[in-house]
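Enquirer: 3D, please:
(one chain, ligands or ions: 2)
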Amino acid sequence: MKSRFITFEGIDGAGKSSQIAAAVALIESRGLSVVQTREPGGTPLAEKLRALLLHDAMHLETEAMLMFAARREHLAAVIEPALAGGRWVVSDRFTDATYAYQVGGRGLDEARFAALEQWVHPHLQPDLTLLFDLDPIEAARRLAGTGDAPDRFEREQADFFERVRNAYLRRAAADPARIKIIDAAQTPEAIRREVEGIVLETCFQ
Ligand SMILES: Nc1ncnc2c1ncn2[C@@H]1O[C@H](COP(=O)(O)OP(=O)(O)OP(=O)(O)O)[C@@H](O)[C@H]1O
Ligand SMILES: Cc1cn([C@H]2C[C@H](O)[C@@H](COP(=O)(O)O)O2)c(=O)[nH]c1=O
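Expert: Ligands and ions are numbered 1, 2, ... in the order given. Reported below is the predicted structural model:
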């Protein structure tokens, strides 16, 4: 079976990380080998860039370029070799996050985003993206419940996350065959069933 690249997206606190393990377990239960990874990050160097991105204030264009620098490393060291070797890749975020957060949330010029995307991965897009869609107020409530110290993005206000959410929904409307929207207000069990159904329908038919 052809290897697949699956990504999980959504505003902070939407619940995507909670569902990734179940999706990976489902794919592995079919006898397939899966690389589970995340962005920004996924390699030692990209994880160092992640620490800068999540904790140090910076110019918006620096932020966008560092996201793509981390992605370039991640593609070269993890994603491309895995796919070439017949393994599946499941990533917690990819380039749709840059569109949503840097273009939608922060106002990065869309042409600059498109140029970076074209430079870093001109031919590769995920085969399937699961977009966890949730009201930012509910997402903030969930995050507050974790008790974890918020990072630079998680400290943003609801209007920022409303713009991020709307940008994700625009990206999904532009590519409905790839990006499937999940109502993240459902119970974890209902979401798990929906995620598994979409993965089986789109990747195993
Ligand atoms: N469907 C759900 N209903 C209620 N709470 C949930 C649901 N899914 C996840 N949670 C809880 O919400 C919190 C955030 O979940 P999770 O870490 O999966 O979100 P996330 O989208 O990955 O966020 P981030 O991008 O910030 O890592 C956790 O405490 C988790 O237990
Ligand atoms: C890939 C990517 C990520 N971000 C932001 C989104 C999140 O706030 C953090 C990553 O943290 P997570 O809780 O592990 O999801 O980074 C971004 O702004 N732009 C991107 O391209």
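Enquirer: Please report how far the residue most central in space within the chain lies from residue 84.
Expert: Here the mean C-alpha position of the chain is nearest to the C-alpha of residue 93 (C-alpha atoms, centre = their mean), at a distance of 1.6 Å. Per C-beta to C-beta, to the nearest Å, residue 93 is found 22 Å from residue 84. Every C-beta, even on glycine, is put in place using the N, C-alpha and C of the backbone.
Enquirer: How about residue 95?
Expert: Using C-beta to C-beta, we find residue 95 at a distance of 19 Å from residue 84.
Enquirer: Excluding sequence neighbours, find me the nearest residue to residue 88.
Expert: residue 34 (4.6 Å; C-beta to C-beta, 6 or more residues apart in numbering).
Enquirer: For that neighbour, give me its contacts.
Expert: Counting by C-beta atoms under 8 Å, 6 or more residues apart in numbering, residue 34 touches 24, 27-28, 87-90.
Enquirer: Alpha carbons of stretch 160-175, as PDB, please.
Expert: Provided in PDB are the C-alpha atoms of stretch 160-175 (Å, rounded to 0.1, in the frame of the first residue of the first chain):
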ATOM      1  CA  PHE A 160      -6.400  36.200  17.600                       C
ATOM      2  CA  PHE A 161      -7.700  32.600  17.700                       C
ATOM      3  CA  GLU A 162     -10.900  33.600  15.900                       C
ATOM      4  CA  ARG A 163      -8.700  34.900  13.000                       C
ATOM      5  CA  VAL A 164      -6.700  31.700  13.100                       C
ATOM      6  CA  ARG A 165      -9.800  29.600  13.100                       C
ATOM      7  CA  ASN A 166     -11.300  31.500  10.200                       C
ATOM      8  CA  ALA A 167      -8.100  31.200   8.200                       C
ATOM      9  CA  TYR A 168      -8.100  27.400   8.800                       C
ATOM     10  CA  LEU A 169     -11.700  27.300   7.500                       C
ATOM     11  CA  ARG A 170     -10.800  29.300   4.400                       C
ATOM     12  CA  ARG A 171      -7.900  26.900   3.700                       C
ATOM     13  CA  ALA A 172     -10.300  24.000   4.100                       C
ATOM     14  CA  ALA A 173     -12.900  25.600   1.800                       C
ATOM     15  CA  ALA A 174     -10.100  25.900  -0.900                       C
ATOM     16  CA  ASP A 175      -9.200  22.200  -0.600                       C
END
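Enquirer: Lovely, talk soon.
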